[in-house]
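*Asks:* structure for this input, please:
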Amino acid sequence: MKHLFLILLIFFIGCSSEEIYVYEKIPEARECYSFKKYIDIEKCNRKQHIILSKKLSKVIEKDNYRKIRKFD
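*Replies:* Just a heads-up that it's a prediction; the model follows:
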């Protein structure tokens, strides 16, 4: 009985400081992993998509500009 009590005590002390994330929606961006609620994850994902699309647009524009300069 003592051993069972000690095992349970160690288990609860060891697990009390850990947080377990149960996602309503799995975040797509690494920056969104800290959010737990669906709405927060969705906002963060949307924000990251906007940032990525702007970066992608800049890269495409730059590439197109280089192609035009190279072949004109």
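*Asks:* from here on, contacts and neighbour counts on C-alpha atoms
*Replies:* OK.
*Asks:* would you mark the buried spots in the helix or strand that contains residue 60?
*Replies:* For residue 60, the host element (DSSP states H and E) is helix 38-71. Residues of helix 38-71 classed as buried by neighbour count (16 or more other Cα atoms under 10 Å): 41, 42, 44, 45, 48.
*Asks:* mind pulling up the pLDDT for the second one?
*Replies:* At residue 42, the pLDDT value in this model is 93.
*Asks:* what of the fourth one?
*Replies:* With respect to pLDDT, residue 45 has a value of 95.
*Asks:* try the last one
*Replies:* Residue 48 is assigned 96 on the pLDDT scale.
*Asks:* quick check: it vs residue 55, distance?
*Replies:* Distance of residue 48 to residue 55, computed by Cα to Cα, to the nearest Å: 11 Å.
*Asks:* over to the first one?
*Replies:* As judged by Cα to Cα, residue 41 and residue 55 stand 21 Å apart.
*Asks:* before we move on, what about the fourth one?
*Replies:* When Cα to Cα is the yardstick, residue 45 and residue 55 sit 15 Å from each other.
*Asks:* pLDDT below threshold where in this structure?
*Replies:* Along the chain, segments meeting pLDDT under 70 span 1-3, 6-23.
*Asks:* check the offset of the helix holding residue 60 from the chain's centre.
*Replies:* Once both centres are worked out by Cα atoms, centre = their mean, to the nearest Å, helix 38-71 turns out to sit 18 Å from its chain's centre.
*Asks:* so what does that helix touch, helix or strand wise?
*Replies:* Taking 3 or more Cα pairs under 8 Å, 6 or more residues apart in numbering; DSSP states H and E as contact, there are no helices or strands that helix 38-71 lies on.
*Asks:* related to what we said a few turns ago, got CSV for the buried residues of helix 38-71, with distance to residue 35 too?
*Replies:* Listed next are the buried residues of helix 38-71 as CSV, based on distance: Cα to Cα, whole Å:
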residue, distance to residue 35
41, 6
42, 9
44, 8
45, 10
48, 14
